[in-house]
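S.K.: I would like the atomic coordinates for the input below:
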Amino acid sequence: MGLFDIFSKGKKETLDKGLEKTKESFFSKLNRAIVGKSKVDDEVLDNLEEILITSDVGVDTTLKIIDRIENRVARDKYVNTDELTRILHEEIADLLTENNTNDIEEFAIPEDKKPYVIMVVGVNGVGKTTTIGKLAHRFKQNGLSVYLGAADTFRAAAVEQLSIWGERVGVPVIKQKMGSDPASVAFDTISSAKANNADVVIIDTAGRLHTKTNLMNELTKIKNVMGKIVPDAPHEVLLVLDGSTGQNAFEQAKRFTNATEVTALAITKLDGTAKGGVVIGISDQFKIPVKYIGLGEGVEDLQVFNRKEFVDSLFGE
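M.R.: Numbers count the residues shown, from 1 in each chain. Below is the predicted model of the structure:
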């Protein structure tokens, strides 16, 4: 077994374990819904619709899935309940493949953008700073030099937490005193990274969702300052969402995407929840790729999101 095979096996095991609660919850509901039934009829479909919605897949995505299964049942004339899991697996996988851009390669960045600047946004408590630390670790593993910017200057704990992550993974953290201008921190970070020929810059921002106008103004100011040093920065605006909050993650995604131009999503804390279905809904509903998923506390437990692998793991035996 080669090194790549060992890594792939470890990634699959992490994904399987991280989705265990979601899988157990979903299939226990599904088994109850089809007990005593031999064919997929209207009652089974109604029950399936309720299961998907209560599994935080979301109403709109659920209705799409049910519609696709209804078409399969009508086309095939007779579908027994033993086949339902296979059909559901296929239709969810196809839906996500149709509605999104291609999955990214393992923690890669474009070769023509240096430094590659990522601005990370999200409310407090979603695992934003932890995701930044894990992301820095993953980039460093791939031989890239990384700088972190502690631009969440409104919480001393945020600056301290990012500094701890910087020490842990061995990357520099640029910071100022509490209450400093976040745009100034971003300026210093990108300036230092550029002077030292760094590959990646990750900027943490304040996790407040007070009013849309204030949020937009603050993030716009940070983005404008970035652009003065690296003309097309930020290259990526990554919104971090807590998967364990279910439908609240949808609402946060809506509010942030309305407030600023989000280009990628990271969904965290999937290992401790049965609400992993939220990844399916968010991946389908927002025209923004889910780029990363968090499956545990360990530094290795951040993965790039691959739709096929995710659905295969959710439905795997």
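S.K.: rest of the way, CA atoms for contacts and neighbours
M.R.: Fine.
S.K.: what mean pLDDT does the helix or strand harbouring residue 310 have?
M.R.: Residue 310 belongs to helix 307-315 when elements are defined using DSSP states H and E. On average, the pLDDT along helix 307-315 is 88.
S.K.: same question for stretch 56-67.
M.R.: Averaging pLDDT along stretch 56-67 gives 93.
S.K.: circling back to that earlier point, centre of the chain versus the helix holding residue 310, how much separation?
M.R.: Chain-centre distance of helix 307-315: 15 Å, with C-alpha atoms, centre = their mean, to the nearest Å.
S.K.: same check, this time on stretch 185-201
M.R.: Stretch 185-201 sits 25 Å away from the centroid of its parent chain (C-alpha atoms, centre = their mean).
S.K.: could you export it as PDB, CA atoms only?
M.R.: Extracted in PDB, the C-alpha atoms of stretch 185-201 (Å, rounded to 0.1, in the frame of the first residue of the first chain):
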ATOM      1  CA  VAL A 185      -3.800  44.400  10.700                       C
ATOM      2  CA  ALA A 186      -4.700  43.000   7.300                       C
ATOM      3  CA  PHE A 187      -2.300  45.600   5.700                       C
ATOM      4  CA  ASP A 188       0.600  44.600   8.000                       C
ATOM      5  CA  THR A 189       0.000  40.900   7.400                       C
ATOM      6  CA  ILE A 190      -0.100  41.100   3.600                       C
ATOM      7  CA  SER A 191       2.900  43.500   3.600                       C
ATOM      8  CA  SER A 192       5.000  41.100   5.700                       C
ATOM      9  CA  ALA A 193       3.900  38.100   3.700                       C
ATOM     10  CA  LYS A 194       4.700  39.800   0.400                       C
ATOM     11  CA  ALA A 195       8.100  41.000   1.700                       C
ATOM     12  CA  ASN A 196       9.000  37.400   2.800                       C
ATOM     13  CA  ASN A 197       7.700  35.800  -0.400                       C
ATOM     14  CA  ALA A 198       5.000  33.800   1.400                       C
ATOM     15  CA  ASP A 199       2.600  31.600  -0.500                       C
ATOM     16  CA  VAL A 200      -0.600  32.100   1.500                       C
ATOM     17  CA  VAL A 201      -2.200  34.700   3.700                       C
END
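S.K.: list the buried residues in it.
M.R.: 185-194, 198-201 (16 or more other C-alpha atoms under 10 Å).
S.K.: now, those that are in helices?
M.R.: 185, 186, 187, 188, 189, 190, 191, 192, 193, 194 (DSSP state H).
S.K.: can you pull the contacts of the last one?
M.R.: What it means is residue 194. Residues near residue 194 by C-alpha atoms under 8 Å, 6 or more residues apart in numbering: 114, 115.
S.K.: sort out which residues of stretch 153-163 are buried, please.
M.R.: Neighbour-count burial for stretch 153-163 flags 153, 154, 158, 159, 162, 163 (criterion: 16+ other C-alpha under 10 Å).
S.K.: residue contacts, the fifth one?
M.R.: Spelled out, it's residue 162. Residues in contact with residue 162 (C-alpha under 8 Å, 6+ apart) are 129, 130, 133, 148, 150, 173.
S.K.: the third one - that's part of a strand, no?
M.R.: The reference is to residue 133. No - judged by DSSP: H, G, I helix; E, B strand; the rest coil, residue 133 forms no part of a strand; its state is helix.
S.K.: so it sits against residue 165, correct?
M.R.: Yes - proximity of residue 133 to residue 165 meets the contact threshold set by C-alpha atoms under 8 Å, at 5.3 Å.
S.K.: done for today, thanks.
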